[in-house]
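Peer 1: Whatever this is, show me its structure:
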Amino acid sequence: MWKSEIGIKGAVVVATRLKERYQKEVVPRLRTRFAYRNVMQVPRVEKAVVNMRVGDAVADPRQIDKAVEELTLITGQRPLVTRAKKSIANFKLRAGVAIGAKVTLRGDRMYDFLDKLFSVALPRIKDFKGISERAFDGRGNLNIGMKEQLIFPEIDYDKVEKIRGMDITIVTTARTDEEARELLRLLGLPLREAAPAA
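Peer 2: The predicted structure is shown next:
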């Protein structure tokens, strides 16, 4: 559904829909908009990092397995289990205890995930008006906080034991937020409309 086939000298290469869009539409438009002299100057998405924190894993270690399973379904890649770096007595947390899971996506898997995020998952959020300008970090990267994993189509509502949030960081090679914003907007990221000046 998310991929299409392109024949190159008899060989069949599978390219994602979003990657094709980047190469055919986004790169030329960014080159004219920002007057890049070289195609290598055009910003691109480098990686997408999906992080799911599981605070109740301290009391019930089985919650980590469920988070890993859900993150695997969402991203198509097995996540890395993150562990506490130091002990914090107030949270009954010991160093080395599993407290979350994260996945770093690159290449085609990243483009597949971003396509699904932009066109399916984000529009499913109730009262969603678009991603805020403040979600950019000043260096061309975007940070999005999700309140629940149910917005992804792979997650079956009936099998979910607990609603968990996640953080998604999209790292680009853009030097400024303006370049990153335009890159992601052209790729299909729904951005919030700026409020009209009074």
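
Peer 1: neighbours around the closest residue in space to residue 96 that isn't next to it in sequence, how many?
Peer 2: Nearest residue to residue 96, sequence neighbours excluded (CB to CB, 6 or more residues apart in numbering): residue 83, at 5.4 Å. Where C-beta positions appear, they are placed from N, C-alpha and C, glycine not excepted. Residue 83 has 13 neighbours, counted by other CB atoms under 10 Å.

Peer 1: can you pull up the bridge partners for the closest residue in space to residue 108 that isn't next to it in sequence?
Peer 2: With sequence-adjacent residues excluded and distances taken as CB to CB, 6+ apart, residue 108 is closest to residue 16, at 5.2 Å. Beta bridges link residue 16 to residue 3 when assigned by DSSP bridges.

Peer 1: Tally up the residues packed near residue 16, please.
Peer 2: For residue 16, using other CB under 10 Å, the count is 20.

Peer 1: next one: residue 183
Peer 2: 27.

Peer 1: start the count at 5, not 1, going forward
Peer 2: Yes, from this point I'll number from 5; that puts the last item at residue 187.

Peer 1: ok, for residue 133, nearest residue in space, not its chain neighbours?
Peer 2: residue 196 (5.4 Å).

Peer 1: Would you list the phi and psi of the one you found?
Peer 2: phi -70, psi 140 (degrees, to the nearest 10).

Peer 1: Against residue 126, how distant is it?
Peer 2: 11 Å (CB to CB, to the nearest Å).

Peer 1: cool, residue 103 as well?
Peer 2: 26 Å.

Peer 1: Comparing those two, which residue is more hemmed in?
Peer 2: Neighbours of residue 103 and residue 126, each counted by other CB under 10 Å, are more numerous for residue 103; the result is 21 against 18.
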